[in-house]
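> Below are the sequence and a predicted model for it; my questions follow.
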Amino acid sequence: MQKTIRSLLSALVLGAMLCGPAMAQDQAEVRIGTDGGYLPWTSTTPSGELTGFEIDLAKQVCDRMKRSCRFTAQPWEGQVPALEQGKYDILVGGIAITPEREKRLAFTQSYANLPINFAAAKTSSLNGKANWRELKAALAGKTIGVQSGTQSQKFVDNELKGEVTVRLYDNQDSLNLDLLAGRIDAALAGRSPWIALTRSQQGEPIEILSPDIDFDEFNYLGVGVGGLMRKNEEDLRKAWDAALCDLKTSGELKSISEKWFGFDVSTKPDAKVCGA
Amino acid sequence: MDLETALHVASELAGAIWVTLALAAVTLPLGLILAGLATWARRSRHRALRGVASAYVLAFRSIPLLVQIFVLYYGLSQFAWLRASPVWIVLKDPFACAVIAMSVCAGAYTAEVMRGGLAAVPQGAIEAARALGLSRFKTFLLVTMPIAIRRALPAYSNEIVVTLKSTSLACTITVMELTGVAKDLMSQTFAVIEVFCMVALIYLIINMVLIFLLRLVERLLTPPYQRKPMLAGARRVVSAAKWRSIGAASQKG
């Protein structure tokens, strides 16, 4: 009897010794939350699969970290609470890095940055202004639409408060619909959704207005787009950042960007994270 | 959330209360008028009129309000001929769209409330009024309606509260009422729990006041001999004390 117990125990100990290291190596999968409705950043195919610039990028990062990843699509409003509750480990989806957000959560290094643009109907005669000052004068008294919680909204709040009527939208699709219907005179958003809209058949009457609103000129707009995560996940952040450094220096990030945007939106490796 | 943010959030929300109240204040009378028309039509002698009214009530009670708002706002704007017509002056405005969608929906529900109120009027009372020689119209005005209103009021006060809460759907079409402002503040500050708790508290206070006022109206419309004391518990304590003091006085004597 005693012998059987002893052999059982030793088997258990042996088993634990064998399993231990294996379990440590095989970490839990990384749960990635994303919008799934913001071409070309992330988008959902008719068959329900997620595609887009950030999906390709995140897959590359996961490969380099040697960890399995799972993507889930959820509207932006619910993503941050879900992240804080631990339903996701990281959020991607054109999320701008801002000081207010950094107070509460952590960002990876930025991986993309592209200007924001106004768009309006071709008949509006708002296009062709040489600089922001001229465009601002032309926009006075108009109704402007932006997506809530974006850098575009921040820009409108900072530069046009009191001079225009601002309408806030939950998502880019609703914004597009109201711009096409003429309920708003102009709309502000990242350059990429406007490219997608003006290339589509229904977006034919819309044009992108010059000039570009550059993040360098209005530095409160931040340093670009990054992955958003909880502050207590230092290990994942370091691994993610290291993979990003690698993708940036190897030029792979640039090629993913060109595949989805048609031009390079990638940012330079962050010297603080990647070293010199 | 630090104090500065809390004050900022509170002042923004306070400003939005008026939009919410305005939406409800415009919607409720319009809904009442629509419901009155529907109820009248449903009791009409003409079958076609009854059919139209019943179809209206059925359709708008069955379709979710959010879908109604979306169809009215984003759906109709797809048609170029509609955008060229004078109707567009109204439909272009998000506030007007919200009011229209909500009134039509509230009208359908209120019509059901009215039907319930009318069904609760005892047939005997109407027959008695007719036997006394009152005309159909006078019977309705002096007998049927007062009883029906009294019976329908509890259900209608529920409808008022529901309408006030459903104004939160207007934020989906860019009307910046309480919930819309809260969502905006949330994405600015990320203080999700704090902002939503404040919003919940504001809705709670508004509805508490509303419900209290509606109870008051209900009491005023009840005949005095049927009235129950509003603060029943307090009255009981007072009367018990009175009995005790009377008892004490008699013992002394």
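Looks like it came in fine. Nothing here was measured: the structure is a model prediction, and the numbers come from that model. Numbering: from 1, shown residues only, chains lettered A, B, ... in the order given.
> what pLDDT does the residue of the stretch 151-253 of chain B found nearest chain A get?
Chain A sits closest to B:S187 of the stretch 151-253 of chain B, with a gap of 2.9 Å, by Cβ to the nearest Cβ. For glycine as for every other residue, the C-beta is placed from the backbone atoms N, C-alpha and C. Looking at B:S187, its pLDDT stands at 79.
> my guess is it is in a helix, correct?
Yes - under DSSP: H, G, I helix; E, B strand; the rest coil, B:S187 sits within a helix.
> Any residues of chain B in contact with chain A? List them.
B:74, B:77-78, B:83, B:92, B:94, B:172, B:174, B:176, B:180, B:183-184, B:186-190, B:192 (Cβ under 8 Å from any Cβ of the partner chain).
> List only buried entries from those residues.
B:74, B:77, B:83, B:92, B:94, B:172, B:174, B:176, B:180, B:183-184, B:186-190, B:192 (16 or more other Cβ atoms under 10 Å in any protein chain shown).
> Mind checking which of these are in helices?
Among those, the ones falling in helices (DSSP state H) are B:R83, B:P94, B:G180, B:K183, B:D184, B:M186, B:S187, B:Q188, B:T189, B:V192.
> Skipping its backbone neighbours, what lies nearest the residue in the stretch 151-276 of chain A positioned nearest to chain B in space?
Residue nearest to chain B within the stretch 151-276 of chain A: A:A181 (3.7 Å; Cβ to the nearest Cβ). Among residues not flanking A:A181 along the chain, B:S77 sits closest, at 3.7 Å (Cβ to Cβ, 6 or more residues apart in numbering or on different chains).
> show me what contacts that neighbour?
A:L177, A:D178, A:A181, A:R183, B:R83, B:L91 (Cβ atoms under 8 Å, 6 or more residues apart in numbering or on different chains).
> could you dump those to a markdown table with distance to B:P64?
Formatted as a markdown table, those follow (distance: Cβ to Cβ, whole Å):
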| residue | distance to B:P64 |
| --- | --- |
| A:L177 | 19 |
| A:D178 | 21 |
| A:A181 | 22 |
| A:R183 | 23 |
| B:R83 | 26 |
| B:L91 | 20 |
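> Just give me the closest of these to B:R45.
Closest approach to B:R45 among the contacts of B:S77 (Cβ to Cβ): B:L91, at 35.2 Å.
> shouldn't the closest one be in contact with B:L82?
Yes - here B:L91 reaches B:L82: they are 7.4 Å apart, a contact under Cβ atoms under 8 Å.
> Give me the buried positions along stretch B:12-23.
Taking 16+ other Cβ under 10 Å as the criterion, stretch B:12-23 shows B:E12, B:L13, B:A16, B:I17, B:V19, B:T20, B:L23 as buried.
> who touches residue 44 in this structure?
Picked chain A for this. Contacts of A:T44 by Cβ under 8 Å, 6+ apart are A:G36, A:G37, A:L50, A:T51, A:A73.
> sorry, should have said chain B
For B:S44, counting by Cβ under 8 Å, 6+ apart, the contacting residues are B:R50, B:A53.
> again, only this time at 7 Å
For B:S44, the contact set (Cβ atoms under 7 Å, 6 or more residues apart in numbering or on different chains) comprises B:R50.
> Which pLDDT does the model give it?
91.
> Does it belong to a helix, a strand or coil?
coil.
> measure it to chain A for me?
Separation of B:S44 from chain A (Cβ to the nearest Cβ, to the nearest Å) stands at 38 Å.
> related to what we said a few turns ago, just send the buried residues of stretch B:12-23 back as CSV, with secondary structure and pLDDT too.
Output for these, formatted as CSV (DSSP: H, G, I helix; E, B strand; the rest coil; pLDDT from 0 to 100):
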residue, secondary structure, pLDDT
B:E12, helix, 91
B:L13, helix, 94
B:A16, helix, 94
B:I17, helix, 96
B:V19, helix, 96
B:T20, helix, 96
B:L23, helix, 96
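> I'd like to know which elements the helix or strand harbouring A:A189 is packed against.
Using DSSP states H and E, A:A189 maps to strand A:186-190. If you count contacts as 3 or more Cβ pairs under 7 Å, 6 or more residues apart in numbering or on different chains; DSSP states H and E, strand A:186-190 packs onto strand A:116-121, strand A:143-147, helix A:151-159, helix A:172-181.
> Give me the nearest residue to A:A239, chain neighbours excluded.
Using Cβ to Cβ, 6+ apart, the nearest residue to A:A239 is A:M65, at 4.7 Å.
> And for A:I256?
A:D56 (5.0 Å).
> Check the buried residues of stretch B:12-23 and tell me the two furthest apart.
Farthest pair in these, by Cβ to Cβ: B:E12 and B:L23, 17.3 Å.
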